[in-house]
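Undergrad: Curious how this folds, go ahead:
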Amino acid sequence: RMDIKIGILGVLVHLILLYSIFDIYYTSPIIESLSAHGPTSNDPPAKRVFLISADGLRYDTIMENKELAPFLHSLIDTREASYGVSHSHVPTESRPGHISIVAGFTEDVSAVTRGWKENPVTFDTLFNRSIEAFQWGSEDITHLFSNIRQVRTVYFPSQWEDFSSLENYKLDEWVFDQCESSLVNLSPSSIEGTARFFFLHLVAIDTNGHGHKPDSPIYRDNLRIVDGRMKRLVSKVQQVFGDNKSAFLFTSDHGMTEWGSHGGGSPQETNTPFLAWGSGVNGGVKETIDQVDLCPFIASLLAIPFPTNNHGRIHLNLLNTSSRYQSSAVMANFLQLKEIISHQISHVGKRWWLSSEAITSTALNSLLHQANQLAQRGRFSAVSSLVSSQLPLLQRSVFLYHRVDRPLLSILVSFSFFSFLLLLLLSSSRPFPIRLLPSLKLSFLLLTISLISSFFFVSSSHIIYLLLPIYLFSLIPMTHLQSLPQMLSLSFLPSLLLIVLLNLSFYDRRISSFFALYLAILPLSFHHNRHFFSKFSKLWYLVSLSLSPFPFLPPCGVLSLPLASSVPPLILSICIRNIQCLFPSHFHSLINHIISLSLVTSSLIFLHAYIPSLSLLRLLSWFSLPLPYIIVCRTPPRSPSRLLSLSVALFLPYSLLSSSYESLYLLLLLVFLSLFTLLSSSHTSSLFFHLPLSSSIAHSPSLFPLPHLLTFLTLFSTGNLASLSSFSPSSLSRFISVFSPFTMASLLIIKLLSPILLIFVHLRSTLSSSPSLISSTLLYSDLLSLLFFYQLRDSGSWLDIGLSIAHFVISMVSSLAFYLLFQLSDFLLSYSFCSTSKHISNA
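TA: Okay, the predicted model is just below:
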């Protein structure tokens, strides 16, 4: 058994390493309690700004089709409006897009731990900087800002959005109607006051793009309707306010691909239009900006403080104001970015590894001094020119200071990985006593390092990352390190190659087909049972290689073949009938029960394909689900009959939950595992079926990768990583006819765990849980985790970010999961569920 101290240490180390990714990669860019800065003016360029966001509108759709937006294009043609491309940041989703516009920074990546939609924003935005704000639109977006005191919200429920509807444009018309109605009923203070912010969220274009694609007439006609209502809105605003002090900004949060999706970084998704006109806007300018730059632009029009975490920069050529006001706006932008950088510098200090690209406090103060001197001489244009030229450097510095510790912390975490792997490798080959409490000398060393590190690291977790590898390395006796070069010989290269292939298969499931080739040549490393293998070699090669094409097939959720899942149970009944003669005569009743259940399962699947709505069939499906396990309970422990009945009990419910070829894959896997069990057994020929399960190859190094290879080959052969997105709800119709999340999740777990448990049941019947096996499983998992650690992403689509985290977490917990699966398999194989007299073999 593995040393209990190693086990405890392993759990603690893995918890620290698991937490480290959120501490290093997914830290919030939001800084609390910063001072606000804004342009100063008694007469702001605009009293009010109307922000109209056409959700999901592509840049090319509006700019290349004048006939779809004649009013908006007339503003461009008469040089009344400025326009251009606004580059949104990936992930191109509605929440981060709108936060970029109203808060001036890209989505807080740390929100991945709290959910993307449920949490309203708690940081500084244009809404709370304005004196009064109004918003109309979809509940999904308006609720993000509805918790702010001065914001008045009118929204429609998200259930109104129907991708299949042909009348989604009415959602946008509802928004315009509600806005116009609210404008008519504004109080005198709202009409005459300044710093008023109006936000219209138009979701119908996005909904039609998802449901009907962006090149569809419905999507394009929706833009034509929005354009007509925009003309009507401008007229209504002039009628209500009548002071020509209103500014308008028409834009989009993100674009859309040709097939109606978004979230990635293609130009169709990141290129969004912006048109600005009205009071304070310099018309006739074509500009390319970043989406975050819209935030300081709106703040400058209203002469309100910039949101304190704004990362955008003002484009002065879009403002139609005096040079004095422009210098005030650009200085406010500079001071606001300087606040962020000064706070970052005070927390990170002077790091010797900091990039020279980042601006220093001295340079910031020098730039501020120069700007103030120019302003005192009345050279406001020179102030604007000087400061605006340095704003890109300040933006880059904010980014660099936020990530300043990432390279060093990544190296320290890597050392922790290697130190623990080294400890595990050496302790499994030559066990030695481990003292978890550090010695007096080591304690003094760790304390000294902690005190010195406190001058450079602010977070206590950073000090832990520094001390952990030192502590782990100190646990290894120096005498054992001498054997390390011999252990890390060329014989270690095949294992490294398998780890690399495992890593690559997470990104391209087709690579997992190489695992089947490894399985095909696996018996070449066995020497004890060559005679048996020579008799079944053709069948072994055929079954092993037949597993390799499955990763190349479309995921089961994409390729639906309901009738195909009725064939494998039928084939299983035929195969079992043919091997019935190998079992002792008193097991024939067990065989007959298994054959009957297989035929019933095949018939149910077949009937469901032709009579899908029959309630009686669903009832029979539920009834047949636990029946195989009753047979398992009536078989003697640690016997071939227990293994056979348990395999069938896992296979038949999986077939009922199959919607395509996945049950055929599991049948081939079952045949392979049965051959492997026979090959690894100490007994050959039919004697196997008369004696208890045993093994003689438990310590063969070639078997150590099997838990990983078989598990991930199975997961990738039927879909994606966990077969979750490829899980077809159509197969659930054999059990339920209405939406029931708990029931659906339970059935999904059964489908997900059945093939994996089948693998471990057979592995447990042949492999003993030796320290070498457990240690090798940990080694494979941790080396795989280390690769995924350097592939973590905090940019890109939500899918890219989420998958990179999922890959790391799955690889980190796989060793514990495999250990628990081994223990569960051992329980299922060895536990006596009933008295000996009630076993089928004694009936």
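
Undergrad: roughly how far out does stretch 126-140 sit from the chain middle?
TA: 30 Å (CA atoms, centre = their mean, to the nearest Å).

Undergrad: and if you look at stretch 228-248?
TA: Distance, stretch centre to chain centre, for stretch 228-248: 43 Å (CA atoms, centre = their mean).

Undergrad: which residues sit against it?
TA: Around stretch 228-248, the neighbours that count as contacts under CB atoms under 8 Å, 6 or more residues apart in numbering are 45-50, 52, 71-72, 172-173, 176, 179-180, 183-184, 186, 191, 200, 250, 275-281, 301. For every residue, glycine as well, the C-beta is placed using N, CA and C.

Undergrad: Now, the residues you listed that are in helices?
TA: 71-72, 172-173, 176, 179-180, 183-184, 191, 301 (DSSP state H).

Undergrad: Which two of these have the greatest separation?
TA: The most widely separated members of these, counting by CB to CB, are 173 and 301 (27.3 Å).

Undergrad: okay, these two: which has more neighbours?
TA: Under the neighbour definition other CB atoms under 10 Å, residue 173 and residue 301 were set side by side, and residue 301 has more, 28 against 16.

Undergrad: And the strands in the stretch 651-800 of the chain?
TA: Chain-ordered strands for the stretch 651-800 of the chain, with DSSP state E, counting those that start in this stretch as the definition, do not occur.

Undergrad: Helices of that one, start to end?
TA: Here the stretch 651-800 of the chain has its helices, by DSSP state H, counting those that start in this stretch, at 662-680, 706-718, 741-766, 771-789, 798-830.

Undergrad: orientation of the fourth one relative to helix 706-718 in degrees?
TA: Looking back up the chat, that one is helix 771-789. Here the directions of helix 771-789 and helix 706-718 differ by 50 degrees (axes from the mean of the first three to the mean of the last three CA atoms, to 10 degrees).

Undergrad: and helix 771-789, what's its mean pLDDT?
TA: For helix 771-789, mean pLDDT rounds to 83.

Undergrad: ditto for the last one
TA: Across helix 798-830, the average pLDDT comes to 82.

Undergrad: Check the shortest one too.
TA: Per-residue pLDDT over helix 706-718 has a mean of 88.

Undergrad: and it, how far out from the chain's middle?
TA: 21 Å.

Undergrad: For the stretch 301-450 of the chain, which segments count as helices?
TA: For the stretch 301-450 of the chain, helices defined by DSSP H, counting those that start in this stretch occupy the ranges 323-348, 361-376, 380-402, 406-429, 440-453.

Undergrad: picking up where we left off before, can you say which of the contacts of stretch 228-248 are buried?
TA: 45-50, 52, 72, 172-173, 176, 179-180, 183, 186, 200, 250, 275-281, 301 (16 or more other CB atoms under 10 Å).

Undergrad: could I have stretch 545-562 exported to CSV, CA atoms only?
TA: As requested, C-alpha coordinates have been extracted for stretch 545-562 and formatted as CSV (Å, rounded to 0.1, in the frame of the first residue of the first chain):
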residue,chain,number,x,y,z
LEU,A,545,-7.8,-2.2,-34.2
SER,A,546,-11.5,-2.0,-34.7
LEU,A,547,-11.6,0.5,-31.8
SER,A,548,-9.4,3.0,-33.7
PRO,A,549,-11.9,4.3,-36.3
PHE,A,550,-14.4,5.5,-33.7
PRO,A,551,-12.6,8.8,-32.8
PHE,A,552,-12.9,9.7,-36.5
LEU,A,553,-16.7,9.4,-36.6
PRO,A,554,-18.9,12.4,-35.9
PRO,A,555,-19.9,12.7,-32.2
CYS,A,556,-23.0,10.7,-31.2
GLY,A,557,-25.0,13.9,-30.6
VAL,A,558,-24.3,14.9,-34.2
LEU,A,559,-24.8,11.6,-35.8
SER,A,560,-28.1,10.1,-34.7
LEU,A,561,-28.8,6.4,-35.5
PRO,A,562,-31.4,5.2,-33.0
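
Undergrad: tell me which residues in it are buried?
TA: Neighbour-count burial for stretch 545-562, with 16+ other CB under 10 Å as criterion, is recorded at 546-548, 550-551, 553, 555-557, 561-562.

Undergrad: With stretch 218-228 instead?
TA: Buried positions in stretch 218-228, judged by neighbour count with 16+ other CB under 10 Å: 218-220, 222-227.

Undergrad: Make sure residue 435 is actually in contact with residue 475.
TA: Yes - when contacts are counted by CB atoms under 8 Å, residue 435 is listed as touching residue 475 (7.3 Å).

Undergrad: Neighbour count for the two, which is higher?
TA: Each of residue 435 and residue 475 had its neighbours counted (other CB under 10 Å), and the higher figure belongs to residue 475 (22 against 10).

Undergrad: that older thread, just send the helices of the stretch 651-800 of the chain back as CSV, with distance to residue 446 too.
TA: Shown next, in CSV, are those (distance: least, CB to CB, whole Å):
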stretch, distance to residue 446
helix 662-680, 47
helix 706-718, 35
helix 741-766, 40
helix 771-789, 23
helix 798-830, 25
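
Undergrad: closest one to residue 32 among those?
TA: Set against residue 32 and scored by CB to CB, those come closest in helix 798-830, at 23.9 Å.

Undergrad: what angle separates the closest one from helix 771-789?
TA: For the pair helix 798-830 and helix 771-789, the angle between their directions (the same axes, to 10 degrees) equals 170 degrees.

Undergrad: And helix 798-830, what does it pack against?
TA: In this structure, helix 798-830 makes packing contacts with helix 4-24, helix 640-656, helix 706-718, helix 741-766, helix 771-789, judged by 3 or more CB pairs under 8 Å, 6 or more residues apart in numbering; DSSP states H and E.

Undergrad: Residue 808: which of these is closest?
TA: Each of the helices and strands packed on helix 798-830 has some distance to residue 808 by CB to CB; the shortest is helix 771-789, at 4.2 Å.

Undergrad: could you dump the closest one to PDB, C-alpha only?
TA: What follows is helix 771-789, C-alpha atoms only, in PDB (Å, rounded to 0.1, in the frame of the first residue of the first chain):
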ATOM      1  CA  PRO A 771       2.100   0.900  -5.000                       C
ATOM      2  CA  SER A 772       3.700   0.800  -8.500                       C
ATOM      3  CA  LEU A 773       0.300   1.000 -10.200                       C
ATOM      4  CA  ILE A 774      -1.000   3.800  -8.000                       C
ATOM      5  CA  SER A 775       2.300   5.800  -8.300                       C
ATOM      6  CA  SER A 776       2.400   5.400 -12.000                       C
ATOM      7  CA  THR A 777      -1.200   6.600 -12.300                       C
ATOM      8  CA  LEU A 778      -0.200   9.700 -10.200                       C
ATOM      9  CA  LEU A 779       2.800  10.300 -12.400                       C
ATOM     10  CA  TYR A 780       0.800  10.100 -15.600                       C
ATOM     11  CA  SER A 781      -1.900  12.400 -14.200                       C
ATOM     12  CA  ASP A 782       0.600  15.000 -12.900                       C
ATOM     13  CA  LEU A 783       2.700  15.100 -16.000                       C
ATOM     14  CA  LEU A 784      -0.400  15.600 -18.100                       C
ATOM     15  CA  SER A 785      -1.500  18.300 -15.600                       C
ATOM     16  CA  LEU A 786       1.800  20.100 -16.100                       C
ATOM     17  CA  LEU A 787       1.300  20.200 -19.800                       C
ATOM     18  CA  PHE A 788      -2.200  21.600 -19.400                       C
ATOM     19  CA  PHE A 789      -1.000  24.200 -16.800                       C
END
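
Undergrad: Give me the angle between that helix and helix 741-766.
TA: Angle between the axes of helix 771-789 and helix 741-766 is 140 degrees (criterion: the same axes, to 10 degrees).
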